[in-house]
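Q: one predicted model, sequence on top.
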Amino acid sequence: MLLTVKNLCKEFDGLHAVNSVNFSVELGTITGLIGPNGAGKTTTFNIIAGHDSPTSGAVFFGKQEISGMKPYETFHLGIVRTFQIPRPFSGMTVLENMMMVPGSQLGENLWNNWIRLKQVKRQEATNREKALEILEFLKLAALRDEPSMHLSGGQLKLLELGRAMMSKPRMILLDEPAAGVNPVLLEEIIDRIREINEMGVTFLIIEHNMDLIMKLCSPILVMAEGSIMMQGSPEQVRSDKRLLDAFFGE
Ligand SMILES: Nc1ncnc2c1ncn2[C@@H]1O[C@H](COP(=O)(O)OP(=O)(O)O)[C@@H](O)[C@H]1O
Ligand SMILES: [Mg+2]
């Protein structure tokens, strides 16, 4: 298992937002996490990525316990997450946003700038090349010099995916990658996620869009009121009509 969540609990002033949650994500899968608003999905992500700490319970990445780590620590282990509301640096261009991803850039340190100017320049060029390659892959290359605030909802989600790819992650956590995305771009996003997965990246995806969930995710975990209610293949989840009616009013 790449990721294991054990008896995870998170309370906010007595509210059990996450209540004894157990699940694991197998290496190489695209695992879905669905459920109504307020189920505790984003809180679970926050704890995995280190943006929040659990009240009790633990999270393991491989065999290593990661609960209580800071976001930069989980990032260095190869976990990246995107946010329900994209958070680009809106004054910067698409390319600049890609190149801002913390990696091993030497350029941020003044000392390095003086002593190793050549090396810094070389690394910046490599970083830029990598960013452009990923933008090509996402079909965003034409927008590279556009300020990111000019992007549509779907293009912003693609940029988030691109930023996630910059650090060569082992696992990507996506929080509602289809939210606010038009149908044409949605197909693009679905295809790109599949291709990135085929490159060896494991995904855990929170999503309400059943088209994306059913096309991409297996297994699917169903969460409600802080607990995992069931998990199974798309067929198993789809055939549990009562459950889907209750959640999505289909
Ligand atoms: N920082 C917080 N402080 C207090 N309550 C919170 C906080 N974050 C989330 N909650 C509450 O926890 C519950 C789960 O929220 P969340 O994890 O965002 O659900 P989901 O992502 O499934 O919609 C909700 O009732 C929400 O209001
Ligand atoms: Mg959420």
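A: Structure's in. What do you need? Residues are numbered from 1 along each chain as shown. Ligands and ions are numbered 1, 2, ... in the order given.
Q: what parts of the chain come near ligand 1?
A: Taking Cβ under 6 Å from any ligand atom, the part of the chain that reaches ligand 1 is made up of 12, 15, 17, 35, 37, 38, 39, 40, 41, 42, 43. No exception for glycine: its C-beta is placed from N, CA and C like everyone else's.
Q: quick check: end-to-end length of stretch 197-205?
A: End-to-end distance of stretch 197-205: 12 Å, with Cα to Cα, to the nearest Å as the criterion.
Q: and residue 223, backbone torsions?
A: Main-chain dihedrals, residue 223, degrees, to the nearest 10: phi -120, psi 140.
Q: how near is it to residue 116?
A: Computed as Cβ to Cβ, to the nearest Å, the residue 223 to residue 116 distance reads 48 Å.
Q: what do you get for residue 89?
A: On the measure of Cβ to Cβ, residue 89 and residue 116 end up 26 Å apart.
Q: these two - which one has more neighbours?
A: Shown here are residue 89 and residue 116; by other Cβ atoms under 10 Å, residue 116 has more neighbours (15 against 12).
Q: next one, pLDDT for that one please.
A: At residue 116, the pLDDT value in this model is 71.
Q: residue 89 sits in which helix or strand?
A: Using DSSP states H and E, residue 89 sits in no helix or strand.
Q: break the chain down into its structural domains.
A: Domain assignment for the chain by automatic domain parsing gives 3-88+153-248, 89-150.
Q: residue 58 contacts residue 3, doesn't it?
A: No: the criterion here is Cβ atoms under 8 Å, and residue 58 misses it with residue 3 at 11.5 Å.
Q: what about the helices in this protein?
A: 41-49, 71-77, 94-99, 110-115, 117-137, 153-165, 183-198, 210-216, 234-239, 241-248 (DSSP state H).
Q: which residues of the chain score low on pLDDT?
A: The chain contains residues with pLDDT under 70 at 103-115, 244, 246-250.
Q: rerun at 80
A: Low-confidence segments of the chain, defined by pLDDT under 80: 84-90, 102-120, 241-250.
Q: winner for burial among the domains of the chain?
A: Among the domains of the chain, ranked by average contacts under mean count of other Cβ atoms under 10 Å, first place goes to domain 3-88+153-248 (a mean of 18).
Q: how far does that one sit from the chain's center?
A: 7 Å (Cα atoms, centre = their mean, to the nearest Å).
Q: dump the helices of the chain into JSON lines; add distance to residue 228 as well.
A: Output for the helices of the chain, formatted as JSON lines (distance: least, Cβ to Cβ, whole Å):
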{"stretch": "helix 41-49", "distance to residue 228": "10"}
{"stretch": "helix 71-77", "distance to residue 228": "21"}
{"stretch": "helix 94-99", "distance to residue 228": "34"}
{"stretch": "helix 110-115", "distance to residue 228": "46"}
{"stretch": "helix 117-137", "distance to residue 228": "33"}
{"stretch": "helix 153-165", "distance to residue 228": "25"}
{"stretch": "helix 183-198", "distance to residue 228": "22"}
{"stretch": "helix 210-216", "distance to residue 228": "15"}
{"stretch": "helix 234-239", "distance to residue 228": "12"}
{"stretch": "helix 241-248", "distance to residue 228": "12"}
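Q: of all the ones you listed, which one is nearest residue 204?
A: Counting by Cβ to Cβ, residue 204 lies closest to helix 41-49 out of those; the figure is 7.8 Å.
Q: give the other helices and strands that that closest one contacts.
A: Judged by 3 or more Cβ pairs under 8 Å, 6 or more residues apart in numbering; DSSP states H and E, helix 41-49 is in contact with strand 3-12, strand 15-25, strand 30-34, helix 71-77, strand 79-81, strand 171-175, strand 202-206.
Q: mind redoing it with 7 Å?
A: Helix 41-49 sits against strand 3-12, strand 15-25, strand 79-81, strand 171-175, strand 202-206, with contacts defined as 3 or more Cβ pairs under 7 Å, 6 or more residues apart in numbering; DSSP states H and E.
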